[in-house]
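Colleague: Predicted model, plus sequence, below.
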Amino acid sequence: MTLSFSVLASGSSGNAFYIGTEKEKILVDAGLSGKEIERLFMEADLNPEEITKILVTHEHSDHIKGLGILARRFNLPIYANEKTWKAMENAIGKLSLDQKYVFNMEEVKTFGDLDVESFGVSHDAAEPMFYTFHHEGKKVALVTDLGYVSERIKKTVENADALIFESNHDVSMLRMGRYPWNVKRRILGDSGHVSNDDCAIALTDIIGNNTKRIYLAHLSKDNNMKELARMSVENHLNDNGFTIGDSLEIHDTDPSNPTPLYKVV
């Protein structure tokens, strides 16, 4: 049995992540229209009708836009913590009671052959949390939408076989860009988003012998570029003794194109 995943979409315009085993096919966040998420599934050679459940990280629209639609269309259970449920219930429309489940922060739930661990992050939402996924000794970690990377988060995600990690903005681009200062301050603050440089610094503490793939995620459309994010992270890792190449790969993500389905072996 294999653990496989695809970053279906990642960025400020919408986020969705698929991870699956033989028994479980999980969607994390549904931040695009239902139609668009179905298209992304098809492009990744996945069947949306096989989804077993949806996990939610937080209530911002780029993470829940198509949540209610998909849950109703495929009669799916949704898992989120209580504060997130309260913050998003008006936005996602009517659901039956048997579709609403609570997944508390700092909890481990077992879904079939997959163990899922939730952990809190610092972001300007009700109670934002992300996840690590464990299957037969393999570990995949999903970490975006956080203002800074705490030591606790580093410990939780360290030595994952694959990391989907936020590299939101280039600080110089953001400072010189067109955003109003209050928005810039929010992004740069402790409840905002991690920059390319902060991503790179955190990764030096997180990458372990098992780590084979890093996906740079949630890039800002206005304040970053794929090439710039990758160059910033690769240069810092190279300077700190990590060799990017055969055993450690850096991958891009995209707001409207899924990454190829990757099997963690």
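Modeller: Ah, there it is.
Colleague: so where do the strands sit in the stretch 51-200 of the chain?
Modeller: Counting by DSSP state E, counting those that start in this stretch, the stretch 51-200 of the chain has strands at residues 53-55, 78-80, 100-102, 108-111, 114-120, 129-135, 138-143, 162-166.
Colleague: now the ones you listed as CSV including distance to Val265, mean pLDDT and mean neighbour count?
Modeller: For the C-beta atoms, the positions are set from N, CA and C on the backbone; glycine is no exception. Shown next, in CSV, are the strands of the stretch 51-200 of the chain (distance: least, Cβ to Cβ, whole Å; pLDDT from 0 to 100; neighbours: other Cβ atoms under 10 Å):
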stretch, distance to Val265, mean pLDDT, mean neighbour count
strand 53-55, 24, 98, 23
strand 78-80, 27, 98, 25
strand 100-102, 31, 98, 13
strand 108-111, 21, 98, 13
strand 114-120, 16, 98, 19
strand 129-135, 11, 98, 24
strand 138-143, 8, 98, 24
strand 162-166, 11, 98, 26
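Colleague: Mind putting these into JSON lines with distance to Gly68?
Modeller: As requested, the strands of the stretch 51-200 of the chain are exported to JSON lines (distance: least, Cβ to Cβ, whole Å):
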{"stretch": "strand 53-55", "distance to Gly68": "10"}
{"stretch": "strand 78-80", "distance to Gly68": "9"}
{"stretch": "strand 100-102", "distance to Gly68": "11"}
{"stretch": "strand 108-111", "distance to Gly68": "21"}
{"stretch": "strand 114-120", "distance to Gly68": "21"}
{"stretch": "strand 129-135", "distance to Gly68": "20"}
{"stretch": "strand 138-143", "distance to Gly68": "22"}
{"stretch": "strand 162-166", "distance to Gly68": "24"}
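Colleague: right, so of those strands, which gets closest to Thr156?
Modeller: Between Thr156 and the strands of the stretch 51-200 of the chain, the shortest gap by Cβ to Cβ is with strand 114-120, which sits at 4.8 Å.
Colleague: packing partners for that closest one?
Modeller: Counting contacts by 3 or more Cβ pairs under 8 Å, 6 or more residues apart in numbering; DSSP states H and E, strand 114-120 is packed against strand 108-111, strand 129-135, helix 151-157.
Colleague: Compare the ones you listed and give me the one nearest Gly93.
Modeller: strand 129-135 (22.6 Å).
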